[in-house]
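A.B. asks: Here is my input; please provide its structure:
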Amino acid sequence: MKKKTTVPKAETEQQTPPSEPEQPTPPEEPTSPEPEQPKEPEEQEDEVQEPTVVPDPVHPATFSLGDYTTFGNFARLLKGVVEEATLLIDQAGVHISHMDQQHVCLVDIELPSDGIPVFSYDSNEPSRVAFRVVDLVKLIPLVSKIDDVVVSILDRDNATVTLKGNRNRTFVTHLIEPSALVPIPKVTLTQKMTFVRSTFLQVLHDANAVSDALTITADRQFVRFTAKSDEGAYEQVFEAGKDIELIQLLATGPFSITYSTSYLLGALDEKILKDVGAVTLNMDNKAPLCAEVSLSSLFPRAKVHFWLAPRVQSEPPKPEDMKPAEPDEGPVNDEEPQEGAAADEPVETQGSEDGKPIEVPVPAES
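C.D. replies: Residues are numbered from 1 along each chain as shown. Purely as a prediction, here's the structure:
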């Protein structure tokens, strides 16, 4: 029987070198907290913040639009000018200022309060209201010959039209958002002439048969209307104090200016102004024409003004005529237009009450 040999445990295990003593960990130095960087705002979709529009206050108002004939003529006059009419009402009366539907003529209507049979407005602040003209026109067949038409502004959204006769009938009309009134050109017009309306309309028709351009030349003693084209020429002269059709002539000196006959005929339409007796032309060189028509047959002291810019001439003017001329068209090139060169669609710019320019369209050459 063999004896087991016992090996000492110390000899069988590999001896490991003693580990170095652990060095003490130095204490961490206190660090000041880093300032927080401002967070960049997250990118958001651009949202357009529309400004809050505070509507102008509307104050109660009551005014008459006359009897059967007066109301019908006034409603048809508005229908020939605009589709939506904005009224400025104050203690002075009712004022309407709009470009016509062709945007070639500025129409300004004044109804003074002392010429309106019934007028009531107590506020010192003006009110702007608007309505569709068709809502007024459709009432014409409902007005009898003994009715008086009275309009009452209730608030921003509603107005009543009362037909006062043997029995009162009231219609509610919904108002719409008013637009800004077109400012009146601030110009000095030194030349003035008044014609019998039928005579002046005949001049327009005669000139329009030859050309779309009517030239008005005047001095202290005469007024000459001329028109010419490849089809022919037209001329008619009126002498102050001799021809009764020329009611008044106030000219500070010789002048000559050209307007579009078709636009003048459109503004002074016979059907709209059939009861008008006279037309006054206020004008000056290179200035818009202001054709003034009295609406006294409708309302005492009521007037309508038609503003029309002069026509740009295609021929060089004569020195005595002082007409604005359009530069000759040269060869087409890529050069930039020089300062002061005529635009493709010229406009006559005039000042307004707030100092901003407004544009009065200039009729294009036919």
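
A.B. asks: The one helix or strand Y259 maps to pairs with which strands?
C.D. replies: Secondary structure from DSSP states H and E places Y259 in strand 255-260. Paired neighbours of strand 255-260 in the sheet (DSSP bridges): strand 213-218 (antiparallel).

A.B. asks: re the thing from before, going C-terminal from the strand holding Y259, what's the next secondary structure element?
C.D. replies: As assigned by DSSP H and E, the chain's next helix or strand after strand 255-260 is helix 261-267.

A.B. asks: what's that next one in contact with?
C.D. replies: Here helix 261-267 makes contact (Cβ atoms under 8 Å, 6 or more residues apart in numbering) with 100, 102, 104-105, 107, 201, 204-205, 207-208, 211-214, 227, 291, 306, 308, 363. In short, each C-beta sits where N, CA and C put it, glycine included.

A.B. asks: outside of stretch 99-113, which residues touch it?
C.D. replies: 63, 77, 81-83, 91-98, 119, 121, 182, 184-185, 260, 263, 266-267, 295, 299-308, 360-361, 363.

A.B. asks: and it, what's its mean pLDDT?
C.D. replies: Averaged over stretch 99-113, pLDDT sits at 86.

A.B. asks: and if you look at stretch 254-261?
C.D. replies: 89.

A.B. asks: How about stretch 268-283?
C.D. replies: If you average the pLDDT over stretch 268-283, you get 78.

A.B. asks: Could you tell me the end-to-end distance of it?
C.D. replies: 16 Å (Cα to Cα, to the nearest Å).

A.B. asks: again with stretch 158-173
C.D. replies: Where stretch 158-173 begins and where it ends lie 6 Å apart, using Cα to Cα.

A.B. asks: State the phi and psi torsions of L77.
C.D. replies: Main-chain torsions, L77, degrees, to the nearest 10: phi -60, psi -50.

A.B. asks: Near it, how many residues? Count them for me, please.
C.D. replies: Residues near L77, counting by other Cβ atoms under 10 Å, number 21.

A.B. asks: Filter the contacts of stretch 99-113 down to the buried ones.
C.D. replies: Among the contacts of stretch 99-113, those classed as buried by 16 or more other Cβ atoms under 10 Å are 63, 77, 81-82, 93-98, 119, 121, 182, 184-185, 260, 263, 266-267, 295, 299, 302-308, 360-361, 363.

A.B. asks: Mind checking which of the contacts of stretch 99-113 land in strands?
C.D. replies: 63, 93-98, 119, 260, 303-308, 360-361 (DSSP state E).

A.B. asks: Identify the residues contacting stretch 279-294?
C.D. replies: By Cβ under 8 Å, 6+ apart, stretch 279-294 touches 185, 187-195, 197, 200, 216, 248, 255-257, 259, 264, 267-268, 273, 276-278, 302-310, 322-324, 348, 350, 360.

A.B. asks: thinking again about what came up before, buried members of the contacts of helix 261-267 into PyMOL, please.
C.D. replies: Remark: buried members of these, expressed as a PyMOL selection using 16+ other Cβ under 10 Å:
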select buried, resi 100+104+105+107+201+204+207+208+211+212+213+214+227+291+306+308+363
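
A.B. asks: In strands, which of the contacts of helix 261-267 appear?
C.D. replies: V107, A213, L214, A227, A291, F306, L308.

A.B. asks: got a pLDDT number for the second one?
C.D. replies: Here, the pLDDT recorded for A213 equals 92.

A.B. asks: So in terms of bridging, what pairs with it?
C.D. replies: Applying DSSP bridges, one finds that A213 bridges with S260.

A.B. asks: The fourth one now?
C.D. replies: According to DSSP bridges, the partner residues bridging A227 are Y234.

A.B. asks: Show the contacting residues for it.
C.D. replies: In this structure, A227 makes contact with D206, A207, N208, V210, S211, A213, L214, T215, A233, Y234, E235, T261, judged by Cβ under 8 Å, 6+ apart.

A.B. asks: Look up how far D90 lies from it.
C.D. replies: Remark: distance between A227 and D90 (Cβ to Cβ, to the nearest Å) = 42 Å.

A.B. asks: quick one: the strand holding Y259 to strand 303-308, angle?
C.D. replies: Taking axes from the mean of the first three to the mean of the last three Cα atoms, to 10 degrees, one finds that strand 255-260 is oriented at 90 degrees with respect to strand 303-308.

A.B. asks: Please work out the average pLDDT along stretch 171-185.
C.D. replies: 89.

A.B. asks: Straight-line length of that stretch, end to end?
C.D. replies: The straight-line separation of the ends of stretch 171-185 (Cα to Cα) is 37 Å.

A.B. asks: Enumerate the positions of that stretch that are buried.
C.D. replies: Neighbour-count burial for stretch 171-185 [16+ other Cβ under 10 Å]: T173, L175, I176, P178, V182, P183, I184, P185.

A.B. asks: same question, stretch 77-90
C.D. replies: 77-82, 84-90.

A.B. asks: Please apply the same query to stretch 109-122.
C.D. replies: I109, E110, L111, P112, S113, G115, I116, F119, Y121.

A.B. asks: distance between the ends of that stretch?
C.D. replies: 22 Å.

A.B. asks: And the residue nearest to S123 when sequence neighbours are not counted, its phi and psi?
C.D. replies: Spatial nearest neighbour of S123, excluding adjacent residues (Cβ to Cβ, 6 or more residues apart in numbering): H59 at 3.9 Å. The phi/psi pair for H59 (degrees, to the nearest 10) reads phi -110, psi 150.

A.B. asks: what about H59, how many neighbours?
C.D. replies: A count of nearby residues for H59, using other Cβ under 10 Å, gives 17.

A.B. asks: Any regions of the stretch 251-366 of the chain where pLDDT drops low?
C.D. replies: With pLDDT under 70 as the threshold, the stretch 251-366 of the chain has low-confidence stretches at 270-275, 311-366.
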